[in-house]
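Peer 1: Turn this into a structure:
(3 chains)
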Amino acid sequence: MEQLDIKTHGEGFINLTPTINSWLAQNEITNGVLHITALHTSCSLTINENADPKVLEDLSSYMKALVPEEGFKSISGNGSSFNYKHSDEGPDDMPAHIRTALTCSNLSLSINSGRLLLGTWQAVYLWEHRSRRQFRKINLHAIGEM
Amino acid sequence: MEQLDIKTHGEGFINLTPTINSWLAQNEITNGVLHITALHTSCSLTINENADPKVLEDLSSYMKALVPEEGFKSISGNGSSFNYKHSDEGPDDMPAHIRTALTCSNLSLSINSGRLLLGTWQAVYLWEHRSRRQFRKINLHAIGEM
Amino acid sequence: MEQLDIKTHGEGFINLTPTINSWLAQNEITNGVLHITALHTSCSLTINENADPKVLEDLSSYMKALVPEEGFKSISGNGSSFNYKHSDEGPDDMPAHIRTALTCSNLSLSINSGRLLLGTWQAVYLWEHRSRRQFRKINLHAIGEM
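Peer 2: This is a model prediction of the structure:
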């Protein structure tokens, strides 16, 4: 078990797959399951496409529209609108908590021949939801096979 | 492996972290991974902030606006609106299933020195999505280290 | 560890529970944890209700309204609207990536007496988000008990 220190650069995605594969190689872990957890409440772990970078741009735009900084309206169309009560840590903080709740903090992936087992187009991303750079801790915990 | 019985009090959050840490202590489980699963389709497990209670209030308000009881409109802005077909179990039931699908039923967290390994501001919550109190079963399953 | 090949039939749900339980029986796996991962970025794994089929119909309708093919508007009500930049693979592809990010690709469930441990109303579904049929690989990886 070890914690990676990852520096983020504002809202957006950091591909963790090469870092994780290097960690597996350094620790000579070849088979089992790797549990990956973001130890924060305003960033996520997500698996998504690693080919066309426009996929990540669209994901960002969508999330900003779904969980806007300026408050939100009910999608029932009844006109109710809401402002965030938790605003002490800046206008980007509460949206970041909600974006975290709507995605994942925790992945459990197979390790096969010393590498994360992923589909052809998959990569594991740290999704920073805060607007400024942060230092993030990602916990890696490998469990061996039956 | 054991199932916790948790009584909820309508829509909202119950901090499971102290209960889980007590369970680990009682069972003398000091290191490994704990798999936590909500055995229901209308409540979730979520990791979020345990400091300012307004974070949880905002999460509740947001989720009620995103998955309203009275039906929903497409966020394309094309004007399409929808009512829930599944309504036999009350107006809060289908929204609760959707809120569950948009969050998580399942977490796998490291156990370190007899406690859940969490970030400074993280706690594990049972998020009840139904409007009345319920009895919920949460499955705990510990797996040892490599 | 093994990969299931699942054929989907356009957007919708395929109940994987019987297939997974058969796989556990064939491999004589009676206790432990099963890690299930969809090796794709445009379909999800979800646990939801297996009783009234209208629940799954409402889930589909909701997701299509939340992540529409024709673009989306901010729910802040500020009028901003967006089109997807990633459109080379058809109008259903980018929404499928977003729907995947808002749900789960990865579940870790207890195996008890040779079967997945699920609540009474729970089933594990592959949720296809693309509009045409696809061939999907689902990774199953069992880990034994402490």
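Peer 1: Spell out which helix or strand contains the nearest residue to A:Tyr62 once chain neighbours are set aside, please.
Peer 2: Distance criterion C-beta to C-beta, 6 or more residues apart in numbering or on different chains; nearest residue to A:Tyr62, sequence neighbours excluded, is C:Ile98 at 5.2 Å. For every residue, glycine as well, the C-beta is placed using N, CA and C. Using DSSP states H and E, C:Ile98 sits in helix C:93-102.
Peer 1: name the helices or strands packed onto that helix?
Peer 2: Under the contact definition 3 or more C-beta pairs under 8 Å, 6 or more residues apart in numbering or on different chains; DSSP states H and E, helix C:93-102 sits against strand A:43-49, helix A:54-66, strand C:43-49.
Peer 1: Which residues in the helix or strand following it does the neighbour count mark as buried?
Peer 2: Going down the chain from helix C:93-102, the next helix or strand is strand C:106-112, by DSSP H and E. Buried positions in strand C:106-112, judged by neighbour count with 16 or more other C-beta atoms under 10 Å in any protein chain shown: C:106-111.
Peer 1: Most widely separated two among those residues?
Peer 2: Pairwise distances across the buried residues of strand C:106-112 (C-beta to C-beta) peak at 16.3 Å, for the pair C:Asn106 and C:Ile111.
Peer 1: Against B:Phe72, how distant is the spatially most distant residue from the centre of chain A?
Peer 2: Relative to the centre of chain A, the most outlying C-alpha is that of A:Asn78, 32.4 Å out, by C-alpha atoms, centre = their mean. To B:Phe72, A:Asn78 is 10 Å away according to C-beta to C-beta, to the nearest Å.
Peer 1: Also A:Asn48?
Peer 2: For A:Asn48, the distance to B:Phe72 - C-beta to C-beta - is 25 Å.
Peer 1: one step back: C:Ile14: which of the buried residues of strand C:106-112 is nearest?
Peer 2: C:Leu107 (14.5 Å).
Peer 1: isn't the closest one right next to C:Val124, touching?
Peer 2: Yes. Contact criterion C-beta atoms under 8 Å: C:Leu107 and C:Val124 qualify, at 6.6 Å.
Peer 1: okay, and the common contacts of those two?
Peer 2: C:36, C:45, C:47 (C-beta atoms under 8 Å, 6 or more residues apart in numbering or on different chains).
Peer 1: By residue count, what's the longest strand in chain A?
Peer 2: In chain A, with assignment by DSSP state E, the single longest strand is strand A:135-143.
Peer 1: okay, A:Glu11: pLDDT?
Peer 2: In this model, A:Glu11 is scored at 98, pLDDT.
Peer 1: Report how many residues lie close to it.
Peer 2: Residues lying near A:Glu11 (other C-beta atoms under 10 Å in any protein chain shown) number 19.
Peer 1: how about A:Glu70, what does it touch?
Peer 2: Counting by C-beta under 8 Å, 6+ apart, A:Glu70 has contacts A:91, C:76, C:78.
Peer 1: still on that earlier bit, can you pick the most crowded of the shared contacts of C:Leu107 and C:Val124?
Peer 2: Ranked by the number of neighbours (other C-beta under 10 Å), these place C:Ile47 first, at 27 neighbours.
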